[in-house]
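Asker: next input, structure requested:
(one chain, ligands or ions: 1)
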Amino acid sequence: MATFQTSRGGDDPSALWSDFAAAVPQTDRGGDAPLRYPLAMKILVTGGAGYIGSITVTALEQAGHTPIVLDSLLKGRREFVRERIFYEGDIADRELVRRIVNEHPDLDCTIHMAARIVVPESVEQPYEYYRDNVAKSLELFDELRSLGKTRIVFSSSASVYDLVDDYEVDETSPLAPTSPYARTKRVMEMALEDISAGTDLRAVILRYFNPIGSDPDLTSGGYDREPSHVVGQLMLTAQGLKDAFLITGTGYPTRDGTGIRDYIHVWDLARAHVAAVERFDGILDAVGARSTIINLGTGEGVTVRELLAAFEEVYGASVPTREAPPRPGDAVGAYANVDKARDLLGWRSSLSLRDGIASSLDWGRKRNEILGFD
Ligand SMILES: NC(=O)c1ccc[n+]([C@@H]2O[C@H](COP(=O)([O-])OP(=O)(O)OC[C@H]3O[C@@H](n4cnc5c(N)ncnc54)[C@H](O)[C@@H]3O)[C@@H](O)[C@H]2O)c1
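Answerer: All right, here's what the predicted structure looks like:
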């Protein structure tokens, strides 16, 4: 199988990324919400064997915290758990959640990332999506609440937003989740708002935009053999595994007619979770509420043609393309207003689109040896 060569070149991409990681602060310690926990915290991360979860766990460790991973390995990878504290099981297994809390009574906060996440699959299997993303999350929250573990950071998605004229959405922008997957996320946002209002549970809800890349040391990343997301499609085409990269939708009212997204480096996303758990109480004090929603993006919209140009620059070669009509369910897109994240988390993205592409390419070259792919 062909391997990726990036314009970063060199034989040891991890060395490059280690330098790079050292240059990036964990959180910039600014922002309105004070740090409540300057010391090490213990954090339960559901879905911690998955793509974003495993990288968030790395960021928590690097900030001096102790993550505890709960994952059923429905999708996530054992290789990403490494030597970490790990409970293999379901988020709705109340006995297991009780055992985790018994064994870790000093648990400070839960980051709930475990979910089914594939949009087309959610159209075909709506029951499984509502059961796992909604019903099981409710069991988890109720059990945590009854055990006195009342701080929840929840992974939501920019897919809940409606289209707005200038494509920039803030947390008060209109909503129109269009797939069963997106609706499970919106239902859980509403459930968390209601549960927080009526019980002692509290929630910081993070709406992620479009994560790309790997962790700086190339230990975790995307693990689909045939990734369906746009950067994965570019990589498959560059590798010669697809004959052309399809630009689906060229008649949108954007600056070049193609869809717009906010591609955020997954390492930046992971660092935002460190800020969210460290500032949890201060965030909610600052907004004067028991739950709040925060966008996590870069604040910059990138069209498909702009992404393609950046990819070709980083990759160092052109990629064959073909124009096609939008696929069913395709949306023109959105990018994040990130003022609230800056003010409350003291966080902003610090890595560029090109960094994210280079990271994806480096991970694409490295991942076969970690995941045992041929
Ligand atoms: N990847 C994205 O583009 C994106 C964008 C917005 C939001 N999100 C959200 O971020 C979170 C993490 O996404 P990801 O991309 O890392 O996906 P992922 O599939 O890699 O990770 C999800 C993890 O949850 C685990 N899991 C699923 N159901 C479970 C259950 N019932 N009990 C225990 N573990 C279970 C899976 O095994 C997997 O490891 C999800 O909540 C997702 O909705 C992802």
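Asker: C-alpha from now on. contacts and neighbour counts both.
Answerer: Will do.
Asker: of all the residues in the stretch 101-250 of the chain, which one is nearest the ligand?
Answerer: In the stretch 101-250 of the chain, no residue comes nearer to the ligand than Ala114, which is 3.3 Å away by CA to the nearest ligand atom.
Asker: and the pLDDT at the closest residue to that residue other than its chain neighbours?
Answerer: Closest residue in space to Ala114, ignoring its immediate chain neighbours: Gly47 at 3.8 Å, by CA to CA, 6 or more residues apart in numbering. The predicted local confidence for Gly47 comes out at a pLDDT of 98.
Asker: residues near Gly47, how many?
Answerer: The tally of other residues near Gly47 (other CA atoms under 10 Å) stands at 26.
Asker: same question, Thr321
Answerer: When counting by other CA under 10 Å, one arrives at 14 neighbours for Thr321.
Asker: do you know how far it is from Ile212?
Answerer: Computed with CA to CA, to the nearest Å, the distance linking Thr321 and Ile212 is 21 Å.
Asker: Gly222 now?
Answerer: 8 Å.
Asker: so which of these two has more stuff around it?
Answerer: Summary of the neighbour comparison: Gly222 and Ile212, criterion other CA under 10 Å, with Ile212 having more neighbours (27 against 19).
Asker: can you tell me the closest non-neighbouring residue to Arg151?
Answerer: Computed as CA to CA, 6+ apart, the closest residue to Arg151 that is not its neighbour in sequence is Cys109, at 4.8 Å.
Asker: where does the prediction get shaky in the stretch 201-350 of the chain?
Answerer: For the stretch 201-350 of the chain, no stretch has pLDDT under 70.
Asker: could you pull out the strands for it?
Answerer: Secondary structure of the stretch 201-350 of the chain, counting by DSSP state E, counting those that start in this stretch: strands at 202-208, 210-212, 245-248, 260-261, 263-265, 291-296, 302-303, 321-324, 335-336.
Asker: about what we covered before: ok, now which ones touch the residue nearest to Ala114?
Answerer: For Gly47, the contacting residues are 53-54, 69-72, 76, 112-115, by CA atoms under 8 Å, 6 or more residues apart in numbering.
Asker: ditto for Asp256
Answerer: For Asp256, the contacting residues are 250, 303, 305, by CA under 8 Å, 6+ apart.
Asker: if we go to 7 Å?
Answerer: Residues in contact with Asp256 (CA atoms under 7 Å, 6 or more residues apart in numbering): none are found.
Asker: swap in the one 5 residues further on?
Answerer: Residues in contact with Arg261 (CA under 7 Å, 6+ apart) are 210, 301-303, 333-335.
Asker: go on, Pro325?
Answerer: Contacts here follow CA under 7 Å, 6+ apart; on that basis Pro325 touches 248-249.
Asker: repeat that with 8 Å
Answerer: Contacts for Pro325 (CA under 8 Å, 6+ apart) come out as 248-250.
Asker: can you tell me how far the residue nearest the centre of the chain is from Asn210?
Answerer: Ranked by distance to the mean C-alpha position of the chain (CA atoms, centre = their mean), the top residue is Ile52 at 4.8 Å. Applying CA to CA, one obtains 11 Å for the distance of Ile52 from Asn210.
Asker: surely Val314 meets Ile357?
Answerer: Yes. Val314 is in contact with Ile357 according to CA atoms under 8 Å; the separation is 7.1 Å.
Asker: between the two, which is the more surrounded one?
Answerer: Under the criterion of other CA under 10 Å, the comparison of Val314 against Ile357 puts Ile357 first, with 28 against 20.
Asker: that one and Pro326: what is the separation?
Answerer: If you go by CA to CA, the gap between Ile357 and Pro326 works out to 24 Å.
Asker: now do His112
Answerer: Plainly put, His112 is 33 Å away from Pro326 if you go by CA to CA.
Asker: of these two, who's got more company?
Answerer: Each of His112 and Pro326 had its neighbours counted (other CA under 10 Å), and the higher figure belongs to His112 (23 against 18).
Asker: would you map the helices across this protein?
Answerer: Secondary structure of the chain, counting by DSSP state H: helices at 13-23, 51-62, 94-103, 119-124, 126-129, 136-146, 180-198, 230-238, 266-278, 280-287, 304-315, 339-345, 353-371.
Asker: can you redo these as JSON lines with distance to the ligand?
Answerer: What follows is the helices of the chain, written out as JSON lines (distance: least, CA to the nearest ligand atom, whole Å):
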{"stretch": "helix 13-23", "distance to the ligand": "20"}
{"stretch": "helix 51-62", "distance to the ligand": "4"}
{"stretch": "helix 94-103", "distance to the ligand": "11"}
{"stretch": "helix 119-124", "distance to the ligand": "10"}
{"stretch": "helix 126-129", "distance to the ligand": "9"}
{"stretch": "helix 136-146", "distance to the ligand": "6"}
{"stretch": "helix 180-198", "distance to the ligand": "7"}
{"stretch": "helix 230-238", "distance to the ligand": "11"}
{"stretch": "helix 266-278", "distance to the ligand": "9"}
{"stretch": "helix 280-287", "distance to the ligand": "19"}
{"stretch": "helix 304-315", "distance to the ligand": "16"}
{"stretch": "helix 339-345", "distance to the ligand": "16"}
{"stretch": "helix 353-371", "distance to the ligand": "13"}
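Asker: any chance of these in CSV, plus distance to Ile260?
Answerer: CSV is the format used below for the helices of the chain (distance: least, CA to CA, whole Å):
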stretch, distance to Ile260
helix 13-23, 28
helix 51-62, 22
helix 94-103, 40
helix 119-124, 18
helix 126-129, 26
helix 136-146, 31
helix 180-198, 18
helix 230-238, 12
helix 266-278, 18
helix 280-287, 30
helix 304-315, 6
helix 339-345, 20
helix 353-371, 13
